[in-house]
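In: coordinates only, sequence not included:
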């Protein structure tokens, strides 16, 4: 099982949730400033790698609030 960098334990989730916490984790991200296709290329390549069984870390598209560009590709560090 892979391990990832934990940046910070933020706070408890709340009452009634058995000892659960919100966590901040480290991720590596790319934005589409150099080429408008960077984010799409990274996402498609990651999905293809996962499909054929390569050891790709968990990844996703991120939409930060109030920033440009509006979509980033990120994978857990």
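Out: Looks like it came in fine. This structure is a prediction, so every number in the text was calculated from the model and none was measured.

In: what about the helices in this structure?
Out: Taking DSSP state H as the test, the helices found in the chain are 38-51.

In: can you list the weak-confidence ranges in this protein?
Out: Under the criterion pLDDT under 70, the flagged ranges of the chain are 1, 69.

In: now with 90?
Out: 1-7, 11-19, 23-27, 31-36, 62-72, 77 (pLDDT under 90).

In: What residues are bridge-paired with residue 21?
Out: Assessed by DSSP bridges, residue 21 has beta-bridge partners residue 12.

In: One more: the one 4 residues further on?
Out: In this structure, residue 25 has beta-bridge partners residue 6, where bridges are defined by DSSP bridges.

In: For it, the count of nearby residues, please.
Out: Using other C-beta atoms under 10 Å, residue 25 has 12 neighbouring residues. C-beta coordinates here come from the backbone N, C-alpha and C atoms, glycine included.

In: That one touches residue 4, doesn't it?
Out: Yes - the pair residue 25 / residue 4 is scored as a contact, 5.7 Å apart, by C-beta atoms under 8 Å.

In: Need the overlap of contacts for the two.
Out: Contact with both residue 25 and residue 4 is made by residues 76, 77, according to C-beta atoms under 8 Å, 6 or more residues apart in numbering.

In: you'd agree residue 38 is up against residue 45?
Out: No - if you go by C-beta under 8 Å, residue 38 and residue 45 don't touch, sitting 10.8 Å apart.

In: Please look at residue 5 and residue 23 and confirm they touch.
Out: No - contact criterion C-beta under 8 Å: residue 5 and residue 23 do not qualify, at 10.6 Å.
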